[in-house]
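# mind folding the following:
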Amino acid sequence: MPITPEWLDKWRIWPRMIITLYGVAFYQTTTWFMALDTPTNAQSAFVSVIVGAGAGFFGIYTNSKSSVNVPPAKKEACKTCGK
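Next comes the predicted model:
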């Protein structure tokens, strides 16, 4: 099976890779911060930026859609009202 742009788009490789790499960065940042004896305000702000970026990455991940055109499903008429 050749790897084509359509295949990559169908499986949403890039959004999944971005959210996975964010998870790794979040985990490493969290373990680093918890290992500090006396964290400074700058270090706390850094962790806050990493955590806040997660909201953006999650929004991009959930709102991204495959650009492969999928025809909409046909809706059947209601049996009681006909709509």
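
# going by C-alpha atoms from here, please, whenever you check contacts or count neighbours.
Noted.

# what about the helices in this structure?
With DSSP state H as the criterion, the chain has helices at 5-11, 13-35, 41-63.

# turn those helices into TSV, columns for mean neighbour count.
Rendered in TSV, the data for the helices of the chain read as follows (neighbours: other Cα atoms under 10 Å):
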stretch	mean neighbour count
helix 5-11	12
helix 13-35	13
helix 41-63	13
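
# mind listing what I60 touches?
When the contact criterion is Cα atoms under 8 Å, 6 or more residues apart in numbering, the partners of I60 are P15.

# chain center to the lowest-mean-pLDDT helix or strand in the chain: distance?
One helix or strand of the chain scores below all others by mean pLDDT, DSSP states H and E: helix 5-11, with a mean of 79. Remark: helix 5-11 is offset 16 Å from the chain centroid, using Cα atoms, centre = their mean, to the nearest Å.

# so which residue is dead centre in this structure?
By Cα atoms, centre = their mean, the mean C-alpha position of the chain lies nearest to Y61, the distance being 2.9 Å.

# so what's the predicted local confidence for it?
What the model reports for Y61 is a pLDDT of 77.

# nearest residue to it other than its sequence neighbours?
Sequence neighbours aside, P15 is the residue nearest to Y61 in space, at 5.5 Å (criterion: Cα to Cα, 6 or more residues apart in numbering).

# low-confidence ranges in this protein?
Under the criterion of pLDDT under 70, the regions of the chain flagged as low confidence span 64-74, 83.

# hmm, 90 instead?
Residues of the chain meeting the criterion pLDDT under 90: 1-19, 54-83.

# redo the helices of the chain as CSV? Include distance to K79.
Putting the helices of the chain into CSV (distance: least, Cα to Cα, whole Å) gives the following:
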stretch, distance to K79
helix 5-11, 36
helix 13-35, 41
helix 41-63, 35
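
# OK, contacts around W7?
Applying Cα under 8 Å, 6+ apart to W7 gives no contacts.
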